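Student: build me a model:
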Amino acid sequence: MTDLFSPVELLGLTLPNRIFMSAMTRTRAREDGVPTDLMRDYYVQRASAGLIVTECTQVSDQAHGIIRCPGIHRDDQVAGWRKVTDAVHAAGGRIVCQIWHCGRVAHPDMRGGALPVAPTPIPAEGKFFLPTGEADFPTPRELGLEEIAPIVEDFASATRNAKAAGFDGVELHGANGYLHDQFLEDGSNRRTDGYGGAVANRARLMVETAEAMIAAWDRGHVGIRLSPASTLYGMKDSDKRATFGHVIEALDALKPAYLCLLDPNEKDRKTEQVKDVLEAFRGRVSVPLIGNTGFDKAKGNAALAAGEADAIAFGVPFLANPDLPERLRRDAPLNAPDKATFYGEGREGFTDYPFLNSANA
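Tutor: Numbers count the residues shown, from 1 in each chain. Below is the predicted model:
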């Protein structure tokens, strides 16, 4: 029977288990977006994952939306990531780069005064966290039609850079209220041109970007992440089942390496149109499907045994437990995560969580 410890073929590799590490922002890069030696150590510690997916990594200066977020659009950033991938591979691991554009989820005070961009000038909901404290999201600048193709090319270029940096693949971050999600959902996209209105138009940026990434590498090394039930940053759609059903089928037709679908968190489960993402969309997906959000060992094994997913991505459990696969195998206790250090600087709450066997630390 397939379970979390069964090998799986993906990205042209035989992965030793189906316990994947989900992308998680940790804000430990340099201010200029160059990955650090501390990031290298963090990912190496988690090399026992069947697959590591990096934190979101910006494809351009315009895409910048998180303090101390890594990039992959300059040579020094590529060189920094090469140190990470070489070390992860030396430790026996496999690693994919998640590439990303923040869209409206940013603030001028950390962008040299430049407004964030979006499909439509509707601000994100919630607060942006600056070093000086919380701030409201500004009304973003609407992207001109002529600005969209260059963004697609930024993702193609970032894909080529990820390959040059030694990654085992690349993942399009189409989830969690960022640019591609903003174009997709009608609560944030009120355009009247070819990228707005009908769902096929709203899905166009996602599909064109995936096509460009596949052309820059190949379909076997490109994955895509979607969040059909998320309301993060005020994301909403008049018919999420129809919208995400359309884009999932359009992306699946491209035969990428995988799709990763996020289940709703507890807050969204109470209000969202889609309560169980894997159940709602499994029948529309022919490529490997990764489940994410809220899984433990029992729930992950149940989803795999039922054929609802082909692998399970763990977020916070991997953050606090660098040896998560071994802990799950032994049914060992898990380290408690320290939320106060999820974001910040330094090794505290980043590379200092204990292993079961301290000699492995």
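
Student: break down this protein into its helices, ranges please.
Tutor: Assigned helices in the chain, in chain order: 37-45, 75-90, 148-164, 179-184, 199-202, 204-216, 240-252, 266-271, 277-281, 297-305, 316-320, 324-330 (criterion: DSSP state H).

Student: roughly how far out does the fifth one sit from the chain middle?
Tutor: Spelled out, it's helix 199-202. 22 Å (CA atoms, centre = their mean, to the nearest Å).

Student: output that helix as CSV, nothing but the C-alphas.
Tutor: What follows is helix 199-202, C-alpha atoms only, in CSV (Å, rounded to 0.1, in the frame of the first residue of the first chain):
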residue,chain,number,x,y,z
VAL,A,199,-12.4,32.9,-16.5
ALA,A,200,-10.3,31.9,-19.5
ASN,A,201,-9.0,35.4,-19.7
ARG,A,202,-8.3,35.6,-15.9
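
Student: start at 35 instead
Tutor: That works, and once the first residue is 35, the last one we named lands at helix 233-236.

Student: any idea how far Cys136 lies from Leu323?
Tutor: As judged by CB to CB, to the nearest Å, Cys136 and Leu323 stand 26 Å apart. No exception for glycine: its C-beta is placed from N, CA and C like everyone else's.

Student: which of the two has more residues huddled nearby?
Tutor: Remark: of Cys136 and Leu323, Cys136 carries more neighbours, 26 against 23, as counted by other CB atoms under 10 Å.

Student: list the contacts for that one?
Tutor: Gln92, Ala97, His98, Gly99, Ile100, Pro150, Tyr212, Leu213 (CB atoms under 8 Å, 6 or more residues apart in numbering).

Student: count the neighbours of the closest residue to Glu360 other than its chain neighbours for me.
Tutor: Nearest non-adjacent residue to Glu360, counting by CB to CB, 6 or more residues apart in numbering: Leu390, 6.1 Å away. By the criterion of other CB under 10 Å, Leu390 has 15 neighbours.

Student: now, among the contacts of Cys136, which is nearest to Ser264?
Tutor: Among the contacts of Cys136, Tyr212 lies closest to Ser264 (CB to CB), at 10.4 Å.

Student: count of neighbours near that closest one?
Tutor: 26.

Student: for the one 3 residues further on, same thing?
Tutor: Neighbour count of Asp215, defined by other CB under 10 Å: 28.

Student: what of Leu149?
Tutor: Neighbours of Leu149 (other CB under 10 Å): 16.

Student: ok, the one 4 residues further on next?
Tutor: Summarising burial for Pro153: neighbours were counted as other CB under 10 Å, giving 26.

Student: is it true that it touches Phe217?
Tutor: Yes - in this structure, Pro153 is within contact of Phe217 by CB atoms under 8 Å, at 4.8 Å.

Student: got any residues that touch both of those two?
Tutor: Counting by CB under 8 Å, 6+ apart, the contacts common to Pro153 and Phe217 are Asn223, Tyr229.

Student: closest to Ile282 out of the contacts of Cys136?
Tutor: Proximity of the contacts of Cys136 to Ile282 (CB to CB) peaks at Tyr212, which lies at 17.6 Å.

Student: right, and the closest one touches Ile133 too?
Tutor: No - in this structure Tyr212 lies outside contact range of Ile133 using CB under 8 Å: 10.9 Å.

Student: now the common contact residues for those two.
Tutor: With CB under 8 Å, 6+ apart as the test, Tyr212 and Ile133 both reach Cys90.

Student: number of residues surrounding the closest residue to Thr243 other than its chain neighbours?
Tutor: Once flanking residues are discounted, Thr243 sits nearest to Phe189: 4.9 Å by CB to CB, 6+ apart. Neighbourhood size, Phe189 [other CB under 10 Å]: 26.

Student: for the stretch 35-184 of the chain, what spans make up the strands?
Tutor: Assigned by DSSP state E, counting those that start in this stretch, the strands in the stretch 35-184 of the chain fall at 42-44, 47-49, 53-55, 85-87, 91-92, 129-134, 151-152, 161-164, 167-170, 175-176.

Student: hmm, which helix or strand of the protein has the shakiest average pLDDT?
Tutor: In the chain, the helix or strand scored least confidently by mean pLDDT, DSSP states H and E is helix 300-305, which has a mean of 61.

Student: report the contact partners of the residue lying closest to Leu49 once chain neighbours are set aside.
Tutor: Take Leu49 and drop its neighbours on the chain: the residue closest to it by CB to CB, 6+ apart is Gly84, 4.2 Å away. By CB under 8 Å, 6+ apart, the residues touching Gly84 are Val42, Leu49, Pro50, Asn51, Arg52, Ile53, Phe54, Arg128, Ala345, Pro359.
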